[in-house]
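In: Sequence first, then the predicted structure, then my questions.
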Protein chains: 4
Amino acid sequence: MTERRFIRRGEAGASERGAKPSSRKRTDDKRERILRAAVKVFAKKGFYASRVSEIAKAAGVADGTIYLYFDSKDDVLESLFEDRTERLLIALRTELAKEPDPPARVRRLIELQLGLLDGQRELAEVITINLRQSTRLLRQYGSKRFLEYLELMASVVSDGQKSGHFRDDLSARVTARALFGALDGLALTWALGDGRTGGLEKAASQLAELWIRGLSPKG
Amino acid sequence: MTERRFIRRGEAGASERGAKPSSRKRTDDKRERILRAAVKVFAKKGFYASRVSEIAKAAGVADGTIYLYFDSKDDVLESLFEDRTERLLIALRTELAKEPDPPARVRRLIELQLGLLDGQRELAEVITINLRQSTRLLRQYGSKRFLEYLELMASVVSDGQKSGHFRDDLSARVTARALFGALDGLALTWALGDGRTGGLEKAASQLAELWIRGLSPKG
Amino acid sequence: MTERRFIRRGEAGASERGAKPSSRKRTDDKRERILRAAVKVFAKKGFYASRVSEIAKAAGVADGTIYLYFDSKDDVLESLFEDRTERLLIALRTELAKEPDPPARVRRLIELQLGLLDGQRELAEVITINLRQSTRLLRQYGSKRFLEYLELMASVVSDGQKSGHFRDDLSARVTARALFGALDGLALTWALGDGRTGGLEKAASQLAELWIRGLSPKG
Amino acid sequence: MTERRFIRRGEAGASERGAKPSSRKRTDDKRERILRAAVKVFAKKGFYASRVSEIAKAAGVADGTIYLYFDSKDDVLESLFEDRTERLLIALRTELAKEPDPPARVRRLIELQLGLLDGQRELAEVITINLRQSTRLLRQYGSKRFLEYLELMASVVSDGQKSGHFRDDLSARVTARALFGALDGLALTWALGDGRTGGLEKAASQLAELWIRGLSPKG
DNA sequence: AATGAATGAGCGTTCATTCAT
DNA sequence: GATGAATGAACGCTCATTCAT
């Protein structure tokens, strides 16, 4: 078990990620179906209160089938997180590559992160809340995709500092973490609150204004 | 059980809060000892992975004793959160009352929240991480001390807007939530990271700079 | 868990053996009740087909209670075996001490082992059959009480060889193992067969005759 | 399932035994490969701890294939036992037919049984240990090949009694069971112990000496 | 009030078996 | 015949909570 886990955790090429049953058909139906079901269930009840059997039922598979694709309930959460964060990273990188102006990049970053969640309340809940439920996930996982994500944010800040668009008396790392927190906090209160589509859009715009001015140099 | 719970859930005056054993001695030794033990245990292993028996052991009491002071394991976490947030609120209100200048109030707010955690890594972990572990806590509790706390933050912003010190194109509520998130995010990464005493101090200062400028009006 | 196990496995004085709940009352009711229930259930269905809940039910305790006295289902079997073998060893040593004549000692040994089982069909089944069900038990356990037991048998043979009562062209160790096997085989077929009280008595007598003559020196 | 089982359980002539796939090729490759794999796996981990998938893997077939040749995991063990015991019986009968002298026959019996296992540690383990793991096997099976085997042993004894070579104050049945047990016990300790080739040879010789004298008539 | 042995509902996981391909 | 992904019943074990002392 631990062995298999190690293999899976390895930097297996993305083409093979998470594939347990060896001859996967085209679209990897089952695995994705399970992940989608897990989002719903985790969002509704939280990781710990969610039952593996509920996920199975929601995914329309047998309980045991989940263990053909994941090593454990924990692994489902981790995989979910990794999977979705990876998508977010790809989307962010693609979009940011199109935008050279630092302030506009900050705005884009904020809009994208909150925009991706807008209309996906469940995913927002899973990422902002459930991630914190598995201590193991948080501690040991804080170092992978999540750090990549923080680094991407930090680079947007430091790039702007180098080009003179942003003040340079602030640590890019600290700033990035604070920005992540701000976005996460908004997503959390939104997810726990109304979760209305569109609700995050205005907030995103305001937050962008705040941060762009906050990062602007003296004068 | 349910009955007792109802009574406790009522808006019992602070004078009676959390008191189960009827003849409270001076300082309510046991209850506080249990809460202190819970901080340690929850911080180390997370709420769900923590065992009631571990808390009991850490507090130097028998398992059953915990149920003389709390209704359930959940209640321990809720009480802990409520208790500590209350202290924080009191401290904040006291300090902010001394400071009339809006930008200085923002700085003070940030310094105080992060400062209180500095050197109390365990408490930081409990508040930032464990709070999110009990869905019930999050959902139903989002409305009590936590909202009071957010409102306090929002009032610092809106007061500044009214006095013309802060731009008024931002929602005070949104701004407050984002600030809470930023502080929470810093505390989280700090708690999960090194947790070195003093580490948060510099971050607090930078964050204050950022927000103060971010909130400043045009021109 | 593993830790506790280690402690229990240690050569803890007999006075403390297997006691988990710390303040044991007089007669260690529960633990013994569970062991007695386990004998019945294991004998009836075999170790693997026996359910922990069945043992609990037979013992009149809750499922969880079993885990207050034993670490696992495996541990119940091991403890049972160790416990009963120890009693047998004590009885054998006491009896053999009274008998100096080697042939008579062999006879006594056979009579005692089979006699103890006579009327305890269930125990016979557990010892002869179930012991072999836990590979771990067999392999790692083959070295403790069981070896003591074989050594006791071997010493009866080698003592007789030294005193000239028995032929000395046979290895005492091999002889002891074969005798154990013969006794075990009789017990097994008896347990699986009728299991009538008294059935083993005659067999014991005949087996004794056979072995005594088999061990006698030439001439 | 039950149906098929019934058919197979019937006293099907040896010519049809265990044949599931209808068009049996010459040497029934698969079935024998599975049995050989089962010996290895059962010997290593015991019947209950062995997984059908492990046997399949060791045999180089798919999991499902096993069910084309056997009705269940239990059936694999039973078939294995029956198969191997049959071979042993045939070998014993052939050899004993060549030897008219009762004491020599006893010696031959012992040598053959232990000799067949010598160098086949795995088979020894399966027969002596695993057989006892399936209660069903033991109980209902005690009546087939195994009884034939015991009867063969008993006949060697009773033949000797009739011809006056052996004492007649012993029950041939009891004696046979005890001898089986002795052989089994030696095989067991050998299998669990070193399992060195040749180790059983000397033991066989000594055991033969012991039994022959033990069975010899007075005077 | 305090204890801690006892409870028993509840769940993650395994694995023999099936069956569509 | 052969395959191996899918199934889902079954069970060992945990641990929050209770309650007799």
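Out: Thanks, I have the structure now.
In: for chain A, longest helix please?
Out: If each helix of chain A is counted by residues according to DSSP state H, the longest one is helix A:73-97.
In: Help me see whether it makes contact with chain B, please.
Out: No: taking Cβ under 8 Å from any Cβ of the partner chain as the criterion, helix A:73-97 and chain B are apart, separated by no less than 11.2 Å. C-beta here means a position set from N, CA and C on the backbone, and glycine is covered the same way.
In: For that helix, buried residues please.
Out: By neighbour count with 16 or more other Cβ atoms under 10 Å in any protein chain shown, helix A:73-97 contains the buried residues A:73, A:75-86, A:88, A:92, A:96.
In: any idea which residue sits dead centre in chain A?
Out: Closest residue to the average C-alpha location of chain A: residue A:85 at 3.5 Å, with Cα atoms, centre = their mean.
In: I'd like to know how far that one sits from residue A:169.
Out: Distance of residue A:85 to residue A:169, given as Cβ to Cβ, to the nearest Å: 31 Å.
In: For chain A, give me the ranges with low pLDDT.
Out: Filtered on pLDDT under 70, chain A yields the residue ranges A:1-28, A:118-119, A:121, A:124, A:127-143, A:193-198, A:219.
In: Try it again at 50.
Out: Within chain A, the set of residues satisfying pLDDT under 50 comprises A:1-18, A:23-27.
In: Tell me how far whatever residue of it ends up closest to DNA strand F lies from chain C.
Out: Distance from DNA strand F to each residue of chain A (Cβ to the nearest atom of the strand) is smallest for residue A:64, at 1.6 Å. Taking Cβ to the nearest Cβ, to the nearest Å as the measure, residue A:64 and chain C are separated by 21 Å.
In: From the contact counts, what lies against the helix or strand hosting that residue?
Out: Assigned by DSSP states H and E, residue A:64 belongs to helix A:63-69. The criterion is 3 or more Cβ pairs under 8 Å, 6 or more residues apart in numbering or on different chains; DSSP states H and E, and the helices and strands that helix A:63-69 contacts are helix A:29-45, helix A:52-59.
In: Give me the buried positions along the shortest one.
Out: Of the residues in helix A:52-59, those scored as buried under the neighbour-count criterion (16+ other Cβ under 10 Å) are A:52, A:54, A:55, A:56, A:58, A:59.
In: swap in stretch A:207-217?
Out: Within stretch A:207-217, the residues that qualify as buried by neighbour count (16+ other Cβ under 10 Å) are A:207, A:208, A:209, A:210, A:211, A:212, A:213, A:214, A:215, A:216.
In: So what touches it?
Out: Residues from elsewhere that reach stretch A:207-217, judged by Cβ atoms under 8 Å, 6 or more residues apart in numbering or on different chains: A:103, A:106-107, A:110-111, A:114, A:157, A:160, A:164-168, A:170, A:175, A:179, A:182-183, A:186, B:167, B:169-170, B:174-175, B:178, B:210-216.
In: out of those residues, which are inside helices?
Out: When the contacts of stretch A:207-217 are checked against helices (DSSP H), the matches are A:103, A:106-107, A:110-111, A:114, A:157, A:160, A:175, A:179, A:182-183, A:186, B:174-175, B:178, B:210-215.
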